[in-house]
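Peer 1: fold the following, please.
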Amino acid sequence: MKHYGVIEPFRNSVERVKKKLFRPFDARFYLRLAFIAWLAHLGQYGGCNFKYDFRKDLNAIRSILRQERPVAETSPVLQAADRNADYQKITFESRNGKDAAAPPEKTAERAGDAGTTAAAGNAGDAPAQAPPPPPPPERTSIRTGGVPPVLLAILPLLVSVCLAILLLVLWLLSRGRFMFISALTDETRDLSIAAKWKESKTEGNSYFRFNLAFAVLIMLYCAIFTPLFFLLLKLLLPALQTQSASTLALAVFLSLILAIPLLFLTGVFHEFGTLLMFRKKIKAWAAFRQTVALTRDNILPLLKYFIFMIAVTLAVLFCLILCVVITCCLCCFWLALFYLPFLWVLAFLPLLVLKQYFTMEFAKQFGDDYNVYLHDEPEIPAGETAETVPAIPETVRPEN
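Peer 2: Numbers count the residues shown, from 1 in each chain. Predicted coordinates for the structure are as follows:
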């Protein structure tokens, strides 16, 4: 059984990073490679900060799974109040039929009522002032449901602009992926962005169409399975009838659990299928079929690869958090570093190059089809044969 290691490819990747970026160091080459790396990772790192508090939904889901009933179902006082439908009917009477000591809230209310009555008696025959009329309701459009018509008019335009921006980002990301691979496999330091852009046209456009089809597939999956899980949870767990937000969070979680094999296969194609496309100059769907066969035959090495990548990523994040905590006085620097689109690429370019080199070094273990450092020999034209190619003369040794 073939052994698939991660330590030796990682060491080779570190050496390649040193040779590529710092032996010798060229500022122009560094900037050009950083721009290509920015295209290859457009929208994946930096410049985004999405915050969501999952603790509230997780606590609600935990209480539902434990079948904890709310306080209103266990408190006898609240149950009696629900039966009477009026809290004023609950009286506190002693055994002798006299009023017992009322709670402090009731005593305060009675004192307030007595003060109001005394004030009314001292006022004499002064006419009581009528309460002010309520403010008139705001005029809203019945047809638009309260939404301004101007917003409804520009809403399709905003949606179209956002969709166009997403498609542009996805297209640049797909082309930049192959530009980055080509720049790292090129042994020369004469890096031309225009030449790499033109070179990645065929594979990059095919990869863009694949990503677009996968995005549509994910949206259809979410549109089908998330409402299905939502309805099933409502029917199977009666405690979820009044907790729509928690039910929706649990439905999304179950949908993600069900989609793990598809997401894993897509991750394998992104890491290794693109290398196969670059190496063999084939389209995305043909590479995807070979990636499925690769995943079926090498599931354990691929799991080892992703587990190692997750461990390294967590270690890098821990080091970054430690640096931010230690140098908290440089908070403005860290904010600019993480939020400016291109500055973070300049700072973390060695890590991005190291990650890509490690992927290519690990892929070499799957065979020559995934070895992007190899270059096929030029084929002999169809008009030429072995007979038309002149033979190399043999050297004749002199006889002794």
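Peer 1: quick check: closest non-adjacent residue to Trp285.
Peer 2: Nearest non-adjacent residue to Trp285, counting by CB to CB, 6 or more residues apart in numbering: Phe210, 6.9 Å away. Every C-beta, even on glycine, is put in place using the N, C-alpha and C of the backbone.
Peer 1: where's that neighbour, which helix or strand?
Peer 2: helix 201-236 (DSSP states H and E).
Peer 1: go on, Tyr4?
Peer 2: Following DSSP H and E, there is no helix or strand that holds Tyr4.
Peer 1: any idea how far it lies from Arg11?
Peer 2: Relative to Arg11, Tyr4 is positioned 15 Å away (CB to CB, to the nearest Å).
Peer 1: please apply the same query to Ala223.
Peer 2: Per CB to CB, Ala223 is found 46 Å from Arg11.
Peer 1: between these two, which is the more surrounded one?
Peer 2: Per other CB atoms under 10 Å, whichever of Ala223 and Arg11 has more neighbours is Arg11, with 13 against 10.
Peer 1: from the contact counts, what lies against the helix or strand containing the more buried one?
Peer 2: Assigned by DSSP H and E, Arg11 belongs to helix 7-22. Here helix 7-22 touches helix 343-363, going by 3 or more CB pairs under 8 Å, 6 or more residues apart in numbering; DSSP states H and E.
Peer 1: number of residues surrounding Leu21?
Peer 2: Using other CB under 10 Å, Leu21 has 17 neighbouring residues.
Peer 1: was I right about it contacting Tyr30?
Peer 2: Yes - if you go by CB atoms under 8 Å, Leu21 and Tyr30 touch, sitting 6.5 Å apart.
Peer 1: who touches both of those two?
Peer 2: Taking CB atoms under 8 Å, 6 or more residues apart in numbering as the contact rule, Leu21 and Tyr30 both touch Leu349.
Peer 1: distance of Gly367 relative to Tyr305?
Peer 2: Taking CB to CB, one finds Gly367 at 15 Å from Tyr305.
Peer 1: do Leu354 as well
Peer 2: 15 Å.
Peer 1: repeat for Pro341
Peer 2: Look at Pro341 and Tyr305: by CB to CB, they are 29 Å apart.
Peer 1: those two: which is more packed in?
Peer 2: It is Tyr305, of Pro341 and Tyr305, that has more neighbours when counted by other CB under 10 Å, with 23 against 11.
Peer 1: the more buried one contacts Phe10, doesn't it?
Peer 2: No - counting by CB under 8 Å, Tyr305 sits too far from Phe10 to count as a contact (10.9 Å).
Peer 1: I'd guessed the residue nearest to Trp285 sits against Ile282; true?
Peer 2: No - with contact defined as CB under 8 Å, Phe210 does not count as touching Ile282 (12.0 Å).
Peer 1: pick out whichever of these two has more residues nearby.
Peer 2: The neighbour comparison of Phe210 against Ile282 (other CB under 10 Å) goes to Phe210, with 22 against 18.
Peer 1: what element comes up after the helix or strand Ala249 falls within heading to the C-terminus?
Peer 2: Per DSSP H and E: Ala249 is located in helix 244-258. Using DSSP H and E, the helix or strand that follows helix 244-258 in sequence is helix 260-268.
Peer 1: Lys2 in helix, strand or coil?
Peer 2: Under DSSP: H, G, I helix; E, B strand; the rest coil, Lys2 falls in the coil class.
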